[in-house]
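J.: turn this into a model:
(2 chains)
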2 protein chains.
Amino acid sequence: MSLALSPTRIAQSLTELWSPRVIAELDDSYIKVAKVHGTFGWHAHAHEDEMFLVLSGLFSIALRDGQIELGPGELYVVPKGVEHNPSAAQPSCILLIEKKSTAHAGDSVNAYSRSIAEQLRQL
Amino acid sequence: MSLALSPTRIAQSLTELWSPRVIAELDDSYIKVAKVHGTFGWHAHAHEDEMFLVLSGLFSIALRDGQIELGPGELYVVPKGVEHNPSAAQPSCILLIEKKSTAHAGDSVNAYSRSIAEQLRQL
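T.: Sure, this is the predicted structure:
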């Protein structure tokens, strides 16, 4: 038996921006949290959907055909293959669910790309 | 492009207890919300983990070796094969993520068993 997790508390304790950290496994997916501020960069995941849930602050997901604006408690699933550019106008915390096989920056490598090993570091 | 979802608002609009409703797809899983109160009943899912996130209220997950107590914003993953008995001492709202193949009451059929078709009804 493990313990209840507080994603918001864990995310708020993070110091590095746009650096997702794994908090739990869910079958072939990881549940992750991240602290975010600024703009991440355009990318897509060819084979996996990606769920974003806002824990605190405000989070935007730019799509080629529009913009999703998420407040605390709101969620959005970016379908596989859809280009998106996440951003946050203020320091914000998010929960993400991605397949274990998902590279969180997609096929692109940007300043924020983090390996799965980095995302699995002890919290 | 679809819209941001507010799981809490959707869950609070539900009238039937322990009747999960699908709000989004995430690859081979469904993201669901439910309004809960009282005790669900012991069951297990042999092949799938199950994620519970509390949106409002209080939610308990009895395990054979202990009890998980979750408040708003807290989450717990019940590993595959682990018997669990969810309960809520007050009317509460939860978000669940389950494989599309998961029978939400496991192999047991109880008063709260709902088919996937029922869970997919229009909100």
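J.: which SSE is immediately downstream of the longest strand along chain A?
T.: Using DSSP state E, we find that the single longest strand of chain A is strand A:84-99. Moving toward the C-terminus from strand A:84-99, the next helix or strand (DSSP states H and E) is helix A:116-119.
J.: what comes up buried for stretch A:78-89?
T.: Buried residues in stretch A:78-89, counted by 16 or more other CB atoms under 10 Å in any protein chain shown: A:Val78, A:Pro79, A:Val82, A:His84, A:Pro86, A:Ser87, A:Ala88. Where you see a C-beta, it was placed from the backbone N, CA and C, and this is true even at glycine.
J.: look up how far chain B lies from the first one.
T.: So that's A:Val78. Computed as CB to the nearest CB, to the nearest Å, the A:Val78 to chain B distance reads 10 Å.
J.: over to the fifth one?
T.: Per CB to the nearest CB, A:Pro86 is found 13 Å from chain B.
J.: before we move on, the earlier item: can you tell me which of the buried residues of stretch A:78-89 is nearest B:Thr102?
T.: Using CB to CB, A:Pro79 comes nearest to B:Thr102 of the buried residues of stretch A:78-89, at 21.2 Å.
J.: list the contacts for the closest residue to that closest one other than its chain neighbours?
T.: Computed as CB to CB, 6 or more residues apart in numbering or on different chains, the closest residue to A:Pro79 that is not its neighbour in sequence is A:Asp49, at 5.6 Å. Going by CB atoms under 8 Å, 6 or more residues apart in numbering or on different chains, A:Asp49 touches A:Val77, A:Val78, A:Pro79, A:Lys80, B:Glu25, B:Leu26, B:Asp27.
J.: in strands, which of those residues fall?
T.: Of the contacts of A:Asp49, the ones assigned to strands by DSSP E are A:Val77, A:Val78, B:Glu25, B:Leu26.
J.: any quick ChimeraX command for the buried ones out of those?
T.: The buried subset of those, as determined by 16+ other CB under 10 Å, is captured in ChimeraX by this line:
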select /A:77,78 /B:26
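J.: the ones in strands among the contacts of A:Asp49 into TSV, with extra columns for distance to A:His37?
T.: Shown next, in TSV, are these (distance: CB to CB, whole Å):
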residue	distance to A:His37
A:Val77	23
A:Val78	20
B:Glu25	29
B:Leu26	25
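J.: biggest separation within the ones in strands among the contacts of A:Asp49, which pair?
T.: Using CB to CB, the ones in strands among the contacts of A:Asp49 span at most 11.9 Å, a distance reached by A:Val78 and B:Glu25.
J.: by contact count, what packs against the longest helix along chain A?
T.: As assigned by DSSP state H, the longest helix anywhere in chain A is helix A:7-13. Applying 3 or more CB pairs under 8 Å, 6 or more residues apart in numbering or on different chains; DSSP states H and E, one finds that helix A:7-13 contacts strand A:21-26, strand A:29-39, strand A:50-56, strand A:84-99.
J.: ok, and what's touching that helix?
T.: With CB under 8 Å, 6+ apart, helix A:7-13 has contacts from A:21, A:23, A:31, A:33-35, A:55-56, A:93-95, A:123, B:53, B:73-75.
J.: any idea of the mean pLDDT for it?
T.: With pLDDT averaged residue by residue, helix A:7-13 scores 96.
J.: show me what contacts the residue nearest in space to the middle of chain A?
T.: Closest residue to the average C-alpha location of chain A: A:Leu96 at 4.1 Å, with CA atoms, centre = their mean. A:Leu96 sits next to A:Pro20, A:Ile31, A:Lys32, A:Val33, A:Ala34, A:Glu50, A:Met51, A:Phe52, A:Leu53, A:His104 when contact means CB under 8 Å, 6+ apart.
J.: nothing else from me, thank you.
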